[in-house]
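Visitor: Dropping a prediction and its sequence here:
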Amino acid sequence: MNLFEENPGLEKIILPMQDAEVIYYPNFYTQAKALVLQDKIQQQTLWQEDDIKLFGKVFKQPRLTALYGDSNKPYTYSNITMSPNQWSPTLLKIKQDIEAISNQKFTSVLLNLYRDGKDSNGWHSDDEKELGTDPFIASLSFGGRRIFHFRHKKDSNQKFKIELKPGSLLLMGGKTQAFWKHQIPKTKRVVAPRINLTFRYIKD
């Protein structure tokens, strides 16, 4: 049984954003399937907590991360260099599901574990040189719901936000990374742990 036979009522939402191509699948995986995958990923992932330097001071990155991919080539973002682990069967199957619906190829996945509302990810674009021009990013969410914010780089009046539910998939292509930044801000609400997977193609 393939993904579409398992969930034939797959809803597709095109977000109304200028200078961007963003598609949201709120029910990419069923709730039951999402819970199973979340548990496997939580247990199988080799999580790490990196240090980041801000304004001359060193802090712990406000989330746990992990990198998996096709090769041993390091990946650098936000002045943090990570070496990829080999794909687990679970991550490889998820990658294949997303490649099928997006018609894109991915060579790596960056995982983020937001343990509670204090964990966050500040304003940024996924535009590292290793990703090439106009990178295609697939973002898959499990666990607690968090608000995903967009902000246009050249027009501060253009903003957009969406609540990412467990099992949902957000696809960002075209000029999205060139014109928009995004973030997962801290929240005072009580939220369950959230796992986010961002699939990408890293150039050789």
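Guide: Nice, I can see it. Numbering: from 1, shown residues only.
Visitor: rest of the way, CA atoms for contacts and neighbours
Guide: OK.
Visitor: low-scoring stretches of this structure, by residue?
Guide: The chain contains residues with pLDDT under 70 at 1-8, 54-55, 78.
Visitor: where do the helices sit along it?
Guide: Using DSSP state H, the helices of the chain run over residues 3-6, 31-44, 89-102, 176-179.
Visitor: Among these, which comes closest to D134?
Guide: Nearest to D134, of all the helices of the chain, is helix 176-179, at 6.8 Å by C-alpha to C-alpha.
Visitor: picking up where we left off before, of the helices of the chain, flag the one that's most buried.
Guide: Burial of the helices of the chain is given as mean neighbour count (mean count of other C-alpha atoms under 10 Å); helix 176-179 ranks first at a mean of 21.
Visitor: Report the distance from that helix to the chain centre.
Guide: The chain centroid and the centroid of helix 176-179 are separated by 15 Å, computed with C-alpha atoms, centre = their mean, to the nearest Å.
Visitor: what sits up against it?
Guide: Identification of contacts with helix 176-179 by C-alpha atoms under 8 Å, 6 or more residues apart in numbering yields 19-22, 125-127, 134-135, 152-154.
Visitor: and with 6 Å instead?
Guide: Applying C-alpha atoms under 6 Å, 6 or more residues apart in numbering, the contact partners of helix 176-179 are 20, 125-127, 152-153.
Visitor: and those, which are buried?
Guide: Burial by neighbour count, 16 or more other C-alpha atoms under 10 Å: within those this picks out 20, 125-127, 152.
Visitor: about what we covered before: of the helices of the chain, which is nearest D119?
Guide: Closest of the helices of the chain to D119 is helix 31-44, at 16.3 Å (criterion: C-alpha to C-alpha).
Visitor: helices or strands up against that closest one?
Guide: Using 3 or more C-alpha pairs under 6 Å, 6 or more residues apart in numbering; DSSP states H and E, no helix or strand is in contact with helix 31-44.
Visitor: Compute the inter-axis angle for that helix and helix 89-102.
Guide: Taking axes from the mean of the first three to the mean of the last three C-alpha atoms, to 10 degrees, one finds helix 31-44 and helix 89-102 inclined to each other by 130 degrees.
Visitor: could we number from 36 for the rest of this?
Guide: Renumbered: residue one is now 36, and that last one reads helix 66-79.
Visitor: Cheers, nothing more for now.
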